[in-house]
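Trainee: Below is the sequence, then the predicted model.
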Amino acid sequence: SSSFSGSTAISSSGAGYLSAPLGNLVSCSTGVTVSSASVVRVSGAISSTNGSITLGDGDAPVILEGDTAIASGTAATVLGGTVDGAFSLTIAGSGANQIVSQAGAVIPLAAFATGATGTISVSGSISTGNIVLGNLATVSGAISSSQGGFTAKAGLSAPNDLRINSPAGAIVLEGKVAVAGRAAFTAGVSVTANNTATQFGDVVTVTAPAVTLAAGGSISAELMATNATISAGSNAILAGGISGNLDVTASGAINQSGPLSVGQRAVFSARSTDDIRLDDANNFQILAVTKARNVVVRDTNAITLGASFIAGSLSVSAGGAISADALKVGGLASFTTGGTGSLSLVAANDLASLEFSVGGDVTIRDVNALQLVGGATSGNLDVESAGWLSDSGPVTVAGNASLVAGSMKLANFAVAGAVGINSKGQALVQNATSLTVSSASALGDLELVATTGNISNQGPVTVSGNARLATRSPSLIQPSGPATATPLAAAKPPLAF
């Protein structure tokens with residue numbers, strides 16, 4: 001081993017050497033500076049008790065001749081030139097440590113690590129093995145580990161863009177991350193940046209099997225992953241492809257900058273005062289909203305809605321069928337399907353009002369009152385409401401309609417086929433054309449109105465209260481099945497519900 005008691009400067013017109021072969025130690029009590037006109041070659045353990053260690057400069061690169069560990073005690077280590085060599089490099093010091101130029105650009109390092117104290121400024125690093133930054137780091141260039149992973153334990157800042165590449169390992173950002181520009185992370189295993197104090201100044205692009213991103217502010221992310229979890233302290237803006245599950249939570253609005261494709265389940269949660277708008281050419285399999293104000297969803301194919309709670313309105317447009325678990329929507333729920341796609345909402349839904357434009361059959365179940373604002377289906381309509389069933393706009397049905405409710409008042413229907421009625425209270429059904437009743441049961445009064453045609457029945461009509469039938473054409477009412485309670489009669493004034 002070699003020991004220097006004072007501040008030491010080593011200068012060479014040729015190559016400069018500072019090495020401790022075979023595990024020996026080069027130590028300095030108050031620091032060392034090594035400069036050279038050509039190159040500085042180092043290896044082994046190099047330390048200083050309380051003085052800085054400076055190796056190389058802009059004209060003299062630093063070459064690792066073996067595994068190298070540099071410890072500057074309470075001071076700093078500065079590598080002034082580029083650093084190359086197929087060996088490991090460890091830097092420890094309580095001061096402002098610095099690698100002025102890129103490390104491993106010509107010959108990748110075997111590994112690179114820093115201690116837990118002080119800071120490190122890196123202009124970029126390329127390694128075949130692990131890169132572990134134990135202290136607070138500032139990175140101004142690209143970081144790459146071809147066979148290992150990257151870990152920043154105490155926090156990381158980038159004054160411009162940040163690029164980290166770990167195609168065979170994991171990227172773990174444990175402390176706060178502050179990136180002024182864009183951030184790009186590529187990992188073969190996972191990317192984890194889950195410190196809620198993190199701030200991303202621009203778009204974050206992530207490619208990895210497993211992705212976890214958190215930030216105290218907004219996150220704008222472009223993702224290519226198997227599974228991804230995003231947590232934003234403000235707004236979240238997303239795009240990309242997820243083959244597995246996607247979970248997004250935001251203390252603000254959730255929007256998208258491009259199409260989203262999610263192979264399994266996508267769950268979105270905003271505040272009850274913020275909107276979720278996913279209206280690009282998306283491809284979801286199952287989508288759930290645990291909390292939001294207003295929600296807009298567009299899907300190019302069929303979609304299943306998971307159990308969702310929406311304070312305001314819900315608008316869903318799909319290229320195929322729409323089905324759902326239990327939905328609770330405080331405002332208007334609107335559904336549009338493409339082609340012959342059906343609408344199937346058969347769980348314990350609680351929809352305040354509903355409109356639909358559907359190419360196939362429509363099936364609706366609601367645990368409370370339901371208002372049909374409007375609707376059109378080329379198939380059949382099956383609606384069951386535990387409370388009042390009413391309409392406020394035209395409802396057009398090319399097939400048959402089955403209507404079940406606590407009570408119902410439907411004055412804007414246009415059903416081409418037969419209508420089945422089952423009411424635990426009163427029932428009024430007015431059809432824009434003739435009205436064919438497949439069967440009817442009303443524990444209260446029943447009123448049937450055919451605006452332009454006849455009224456006929458195919459099966460039993462059972463009424464516990466009064467039955468009043470009205471046509472708006474010269475045709476007579478034509479009963480073809482049995483009826484109980486009040487006998488069928490010609491047009492009379494409508495009931496007042």
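Mentor: Structure's in. What do you need? Numbers count the residues shown, from 1 in each chain.

Trainee: which residues touch stretch 97-109?
Mentor: 58, 61, 64, 72, 76-89, 91, 112, 114, 118-129, 135, 141, 146 (C-beta atoms under 8 Å, 6 or more residues apart in numbering). Yep, even glycine has a C-beta here, placed from its N, CA and C like the rest.

Trainee: Please narrow these to those residing in helices.
Mentor: Secondary structure from DSSP state H places none of these in helices.

Trainee: Name the residues of the helix or strand containing Gln285 that come out as buried.
Mentor: Gln285 belongs to strand 276-291 when elements are defined using DSSP states H and E. For strand 276-291, the neighbour count (16 or more other C-beta atoms under 10 Å) marks 276-278, 280, 282-289, 291 as buried.

Trainee: ok, now stretch 190-207?
Mentor: 190-193, 195, 198-201, 203-207.

Trainee: Which two among these are spaced furthest apart?
Mentor: Ser190 and Gly201 (23.2 Å; C-beta to C-beta).

Trainee: What average pLDDT does the helix or strand where Ser315 lies get?
Mentor: Per DSSP H and E: Ser315 is located in strand 314-318. For strand 314-318, mean pLDDT rounds to 98.

Trainee: excluding its backbone neighbours, what's nearest Ile219?
Mentor: Ala232 (4.3 Å; C-beta to C-beta, 6 or more residues apart in numbering).

Trainee: May I have the beta-bridge partners of the one you found?
Mentor: Assessed by DSSP bridges, Ala232 has beta-bridge partners Ala215, Ala250.

Trainee: Asp84 too?
Mentor: Ile63.

Trainee: Which parts of the stretch 351-497 of the chain are strands?
Mentor: 362-366, 370-377, 381-391, 395-397, 401-415, 418-423, 427-431, 435-442, 446-450, 455-457, 461-463, 467-471 (DSSP state E, counting those that start in this stretch).

Trainee: Any chance of JSON lines for those strands, columns mean pLDDT and mean neighbour count?
Mentor: Listed next are those as JSON lines, based on pLDDT from 0 to 100; neighbours: other C-beta atoms under 10 Å:
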{"stretch": "strand 362-366", "mean pLDDT": "98", "mean neighbour count": "22"}
{"stretch": "strand 370-377", "mean pLDDT": "98", "mean neighbour count": "21"}
{"stretch": "strand 381-391", "mean pLDDT": "98", "mean neighbour count": "21"}
{"stretch": "strand 395-397", "mean pLDDT": "98", "mean neighbour count": "22"}
{"stretch": "strand 401-415", "mean pLDDT": "98", "mean neighbour count": "21"}
{"stretch": "strand 418-423", "mean pLDDT": "98", "mean neighbour count": "21"}
{"stretch": "strand 427-431", "mean pLDDT": "97", "mean neighbour count": "24"}
{"stretch": "strand 435-442", "mean pLDDT": "97", "mean neighbour count": "22"}
{"stretch": "strand 446-450", "mean pLDDT": "96", "mean neighbour count": "24"}
{"stretch": "strand 455-457", "mean pLDDT": "95", "mean neighbour count": "21"}
{"stretch": "strand 461-463", "mean pLDDT": "96", "mean neighbour count": "22"}
{"stretch": "strand 467-471", "mean pLDDT": "93", "mean neighbour count": "22"}
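
Trainee: now the ones you listed in CSV, with distance to Phe309?
Mentor: Converted to CSV, those look like this (distance: least, C-beta to C-beta, whole Å):
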stretch, distance to Phe309
strand 362-366, 15
strand 370-377, 17
strand 381-391, 19
strand 395-397, 26
strand 401-415, 24
strand 418-423, 29
strand 427-431, 31
strand 435-442, 34
strand 446-450, 36
strand 455-457, 42
strand 461-463, 39
strand 467-471, 41
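
Trainee: Would you mind saying which of those strands lies nearest Gly339?
Mentor: strand 370-377 (12.8 Å).

Trainee: Work out the gap between the closest one and the centre of the chain.
Mentor: Its chain's C-alpha centre and that of strand 370-377 lie 31 Å apart, by C-alpha atoms, centre = their mean, to the nearest Å.

Trainee: same question, stretch 133-150
Mentor: Centre to centre, stretch against its chain (C-alpha atoms, centre = their mean), the figure for stretch 133-150 is 27 Å.

Trainee: Over to stretch 113-130?
Mentor: Taking mean C-alpha positions (C-alpha atoms, centre = their mean), stretch 113-130 and its chain are 32 Å apart.

Trainee: That stretch - what's its average pLDDT?
Mentor: 94.

Trainee: What are the buried residues along it?
Mentor: For stretch 113-130, by 16+ other C-beta under 10 Å, it's 113-115, 117-130.

Trainee: Return the subset of these lying in strands.
Mentor: Counting by DSSP state E, the part of these found in strands is 113-114, 119-122, 125-127.

Trainee: one step back: report the inter-axis angle for the strand holding Ser315 versus strand 276-291.
Mentor: 120 degrees (axes from the mean of the first three to the mean of the last three C-alpha atoms, to 10 degrees).
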